[in-house]
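**Q** My questions concern the predicted model and sequence given below.
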Amino acid sequence: MNEPLWIFGYGSIIWKTEFPFIAESIGCLQGWARRFWQASLDHRGIPEASGRVVTLVPSRNNHCWGKLFLLESQKHSKVIEALDHREKGGYERMQADIVNASGAIVKAVTYWAPQQNDHFLGPDSLSAMARQISRAQGPSGSNRDYLFKLESALRALGHPDSHVTILANKTRQLLGQS
């Protein structure tokens, strides 16, 4: 690969990038929604008590805001290797057309967890998801911190996500923080 490569982050990559990049931009993926439908057994939970993290789900009338990160050509393989390890547990790499801050469409690599993967939890009531998130803890920290940091990062981007905000508020209520 001789050309620069874009990475699209819509979850923890927004605030916990952990790789070198040469430019960043707000980005939007059309026809997809961000949902807390993926189990985390290795970062925000453990096998005996999984956490919930976000994935992308096809949704024709929705869109998912996040951040685009431009990689240097020389760093592609090293960054992709690190992201493949970070995004294990059911996630797959995919190419996506992302609308950047200036309205142009760029090809970007992102990660999603298809429904047929072993860690896909799917939808549940917001109360049940909030209970699971409020209790889960893993090697990367508490699941609630992941949720609250994502909510804060999306607000800072100027694009809060109603699914994330409602779930964060439900979780705060359970924790007595409302």
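**A** Now that the structure is in, tell me what you want to look at. Numbering: from 1, shown residues only.
**Q** Any idea how far the helix or strand R144 falls within is from the middle of the chain?
**A** In this assignment (DSSP states H and E), R144 forms part of helix 143-157. Centre-to-centre, helix 143-157 and its host chain are 10 Å apart (Cα atoms, centre = their mean, to the nearest Å).
**Q** Tell me which helix or strand in the chain has the weakest average pLDDT.
**A** Sorted by mean pLDDT, DSSP states H and E, the helices and strands of the chain end with helix 76-86, the least confident at a mean of 94.
**Q** neighbours around Q38, how many?
**A** 26 (other Cβ atoms under 10 Å). For the C-beta atoms, the positions are set from N, CA and C on the backbone; glycine is no exception.
**Q** List the buried residues of stretch 131-144.
**A** In terms of neighbour count (16 or more other Cβ atoms under 10 Å), stretch 131-144 has its buried residues at 132-134, 136, 138, 140, 142-144.
**Q** Adding distance to E24, write the residues you listed out as CSV.
**A** Output for those, formatted as CSV (distance: Cβ to Cβ, whole Å):
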residue, distance to E24
Q132, 32
I133, 27
S134, 31
A136, 29
G138, 27
S140, 22
S142, 27
N143, 26
R144, 26
